[in-house]
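*Asks:* Need a 3D model of the following:
(chains A and B)
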Number of protein chains: 2
Amino acid sequence: MRTLKVDLGDRSYPIFIGSDLIGDSSLYRPYIRAGQVMIVSNDTVAPLYLARVEAALSGYQLAHVILPDGEQYKTLDVLDLIFTGLLKRRFDRGCTLLALGGGVVGDMTGYAAASYQRGVNFIQVPTTLLSQVDSSVGGKTGVNHPLGKNMIGAFHQPQCVVIDISTLSTLPDRELSAGMAEVIKYGLINDREFFLWLEQNMPALMARDPDALAYAIERSCADKAAVVAADERESGQRALLNLGHTFGHAIETGMGYGSWLHGEAVGAGMCMAADLSARLGWLDQDQVRRVDNVVAAAGLPVRPPEGLPPERFVELMAVDKKVTDGQLRMVLMKDIGNSVITAEFDPEALEQTLYGN
Amino acid sequence: MRTLKVDLGDRSYPIFIGSDLIGDSSLYRPYIRAGQVMIVSNDTVAPLYLARVEAALSGYQLAHVILPDGEQYKTLDVLDLIFTGLLKRRFDRGCTLLALGGGVVGDMTGYAAASYQRGVNFIQVPTTLLSQVDSSVGGKTGVNHPLGKNMIGAFHQPQCVVIDISTLSTLPDRELSAGMAEVIKYGLINDREFFLWLEQNMPALMARDPDALAYAIERSCADKAAVVAADERESGQRALLNLGHTFGHAIETGMGYGSWLHGEAVGAGMCMAADLSARLGWLDQDQVRRVDNVVAAAGLPVRPPEGLPPERFVELMAVDKKVTDGQLRMVLMKDIGNSVITAEFDPEALEQTLYGN
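*Replies:* A predicted model of the protein is given here:
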């Protein structure tokens, strides 16, 4: 088992990474303050893993809420199911929420924990690669609003995160690839050595080699933790984590949510960011090719969808959250493993990237 | 104008107290970071004061959301109206929410500000005595759930609080009295000198003398601020602020919300706490009488309602939030101006207080 400490002062917490951890009672118990534990999961994950987590927590006053699976249920209304479950059982301020599932379950459980009686403890047990390398670190929790994704939420750190690599054995291929987009992203942002490792080891990762996965997840979490520790509330450098996301969000919104997975859109978005960086003279063509190759080796698209015209892209990017004072800020690459946040790029170069000429 | 600083490290903020402040542009402007300001009010207060606040904020990108007036609208559903208003106008992370109204508006606006894009700024303009002396300090925000009051929320501090005494001229007598319960509470908790002042000045306060009101509000906020500064997240001493509230909540719940106002229930609750303290030998009969007299002079009840049998009281108190590990903790008085949190009291004395013999 690997243990990584996320260093955030008095909100620091450990991430445990390894095989067959989900049923390991000793990992949870030190982080449960009082007797009440509410497990929140969804109707895909619960049939697979709920019983094992419950067995590991025998002796506590246990309850669970099973949410419907899917991003469309990441709403205030569905969140209320968690509050109702807690209140019906008279769970008090000393209770602990345990998120068992992917990013949606983690985000909603975390926000419920941030809000219930103005804040209770929670433990994350992420069961998808994306949530293991993304939601495990950073404390971002929340729900969607019909008018915008993740518009309602809180920063709330977990007591601990238990990443059981074994749960990835039940993950569909397409979701494994989608999670890998974020793994690649960490290499490109600030960890050149990790990128080189990924170039060598992507086949092993896609074959779900446990050692390779454990290493990649730990390194991803560590890279993200370093960025978050420097900027917990996202006022500056944390925006580096949006590499590929400005293009990616435009793809997701433009194609309709659910058509492209988030990770697929980010995969293509990182290749577009590399292309734009090259047009600005920051990357050479060989570096752009290497980015494309790793993204493709992860089973991800390297180009935006045909069905999204460039002028629509521009429109969608203009409403992105990263627009401040009317200026679009993008994360681009000065080198592989050296990304920067910048509003100073030639709009013509951006157009060339979008029009692909 | 009086200015009080609430000292909470990098979340410190000023409270401005005086007459005719609501239209004073210079009080708001230093605390508005970017151009967008969303005023949240209700359909009772908005017709009286919205235009003056809007005039004071001319030049900003202004919008408003008017909620229906009443505790029954302090829900997640109504909260969503604020999020929808913000998103429809594309308000970004730099926006400021301004709460114009009583406690319900303040709690909901504060929670909306805590949650919108995971946290934006807000300014409080409380227009009732209760909200001026209670919600102005402490950062507690939130909404009710059908299964419990204030069960969903966040700790979120405002940028500044503007208390315009003049708004109290439109406050119904019964609500003035209800607010005065909390004022008296601060004297009883830890400010004996203030209690002596209240014994002398209650007639002036009830006659709405502006100078007396400004002094009482400032002193109340300062007393509360001292308790909160020592315990921002309510892990210990902050529970002193619940003096009279364990009895009070039982009265509110037992009689049905809205039958007794919160302040009325707290008024009677403080007298009951004094009675119980005397039965434990901590107060003498003269002190109990003085508590009763001040509460009565504020136009508040000094005894619980006839319609609430003692056995029902016991039942209601057992589910109070202040029950930890099955033990009921109460705030009782060792002296006037010296309250303590204790679980060590004779249950028989409590019964005697409830049965009034």
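
*Asks:* Can you show me the helices along the stretch 251-357 of chain A?
*Replies:* In the stretch 251-357 of chain A, the segments counted as helices under DSSP state H, counting those that start in this stretch are A:262-279, A:285-297, A:310-318, A:347-355.

*Asks:* what's the closest of these to B:Ser25?
*Replies:* helix A:310-318 (32.4 Å; CB to CB). Every residue, glycine included, has its C-beta placed from N, CA and C.

*Asks:* Packing partners of that closest one?
*Replies:* Helix A:310-318 is packed against helix A:245-255, helix A:347-355, with contacts defined by 3 or more CB pairs under 8 Å, 6 or more residues apart in numbering or on different chains; DSSP states H and E.

*Asks:* Let's test this: mean pLDDT of that helix, rounded?
*Replies:* Per-residue pLDDT over helix A:310-318 has a mean of 86.

*Asks:* Is there proximity between the helix or strand encompassing A:Leu97 and chain B?
*Replies:* Applying DSSP states H and E as the criterion places A:Leu97 in strand A:96-101. No: using CB under 8 Å from any CB of the partner chain, strand A:96-101 stays clear of chain B, coming no nearer than 13.4 Å.

*Asks:* try stretch A:240-248
*Replies:* No: figure legend: stretch A:240-248 not in contact with chain B (CB under 8 Å from any CB); closest approach 13.8 Å.

*Asks:* Can you tell me the number of residues neighbouring A:Arg303?
*Replies:* 12 (other CB atoms under 10 Å in any protein chain shown).

*Asks:* residues in contact with it?
*Replies:* Applying CB atoms under 8 Å, 6 or more residues apart in numbering or on different chains, we find A:Arg303 in contact with A:268, A:271, A:356.

*Asks:* In JSON lines, list those along with distance to A:Ser115 and pLDDT.
*Replies:* Shown next, in JSON lines, are the contacts of A:Arg303 (distance: CB to CB, whole Å; pLDDT from 0 to 100):
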{"residue": "A:Ala268", "distance to A:Ser115": "35", "pLDDT": "97"}
{"residue": "A:Cys271", "distance to A:Ser115": "38", "pLDDT": "98"}
{"residue": "A:Gly356", "distance to A:Ser115": "45", "pLDDT": "78"}
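
*Asks:* closest to B:Gly139 among these?
*Replies:* Lowest distance from B:Gly139 to the contacts of A:Arg303 (CB to CB) belongs to A:Ala268, with 42.8 Å.

*Asks:* so that closest one makes contact with A:His249?
*Replies:* No: between A:Ala268 and A:His249 there is no contact under CB atoms under 8 Å: 11.6 Å.

*Asks:* Pull up the overlap in contacts between these two.
*Replies:* What both A:Ala268 and A:His249 touch, as defined by CB under 8 Å, 6+ apart, is an empty set.

*Asks:* Centre of the chain to the longest helix along chain A, how far?
*Replies:* Longest helix of chain A, by residue count under DSSP state H: helix A:210-230. Mean-position distance between helix A:210-230 and its chain equals 12 Å (CA atoms, centre = their mean, to the nearest Å).

*Asks:* quick revisit: how about the strand holding A:Leu97 as PDB, C-alpha atoms only?
*Replies:* Taking Å, rounded to 0.1, in the frame of the first residue of the first chain, the C-alpha atoms of strand A:96-101 are listed here in PDB:
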ATOM      1  CA  THR A  96     -19.200  10.800   9.100                       C
ATOM      2  CA  LEU A  97     -20.300  10.600   5.400                       C
ATOM      3  CA  LEU A  98     -18.600   8.000   3.200                       C
ATOM      4  CA  ALA A  99     -18.600   8.500  -0.500                       C
ATOM      5  CA  LEU A 100     -18.500   5.200  -2.400                       C
ATOM      6  CA  GLY A 101     -18.400   5.800  -6.200                       C
END
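
*Asks:* Return the residues of chain A in contact with chain B.
*Replies:* A:76, A:79-80, A:83-84, A:87-88, A:90, A:92-94, A:114-119, A:140, A:142, A:145-148, A:151-155, A:233-234, A:319, A:321, A:323-324.

*Asks:* give me that answer again for 7 Å
*Replies:* Within chain A, the positions near chain B by CB under 7 Å from any CB of the partner chain are A:76, A:80, A:83-84, A:87-88, A:114-118, A:140, A:142, A:145, A:147-148, A:151-155.

*Asks:* List the ones among these that fall in strands.
*Replies:* If you go by DSSP state E, those have A:140, A:142, A:145, A:148, A:151-155 in strands.

*Asks:* In TSV: these, plus distance to A:Asp69 and pLDDT.
*Replies:* TSV is the format used below for those (distance: CB to CB, whole Å; pLDDT from 0 to 100):
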residue	distance to A:Asp69	pLDDT
A:Lys140	20	95
A:Gly142	18	97
A:His145	20	94
A:Gly148	22	87
A:Met151	22	95
A:Ile152	20	97
A:Gly153	20	98
A:Ala154	23	97
A:Phe155	25	95
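
*Asks:* Closest one of these to B:Ile163?
*Replies:* Closest to B:Ile163, out of all of those and judged by CB to CB, is A:Ala154, at 27.8 Å.

*Asks:* show me the contacts for the closest residue in space to the closest one that isn't next to it in sequence.
*Replies:* Taking CB to CB, 6 or more residues apart in numbering or on different chains, and ignoring the residues beside it in sequence, A:Ala154 has A:Ala114 as its nearest neighbour in space, at 3.8 Å. Contacts for A:Ala114 (CB atoms under 7 Å, 6 or more residues apart in numbering or on different chains) come out as A:141, A:154, A:156, B:154.
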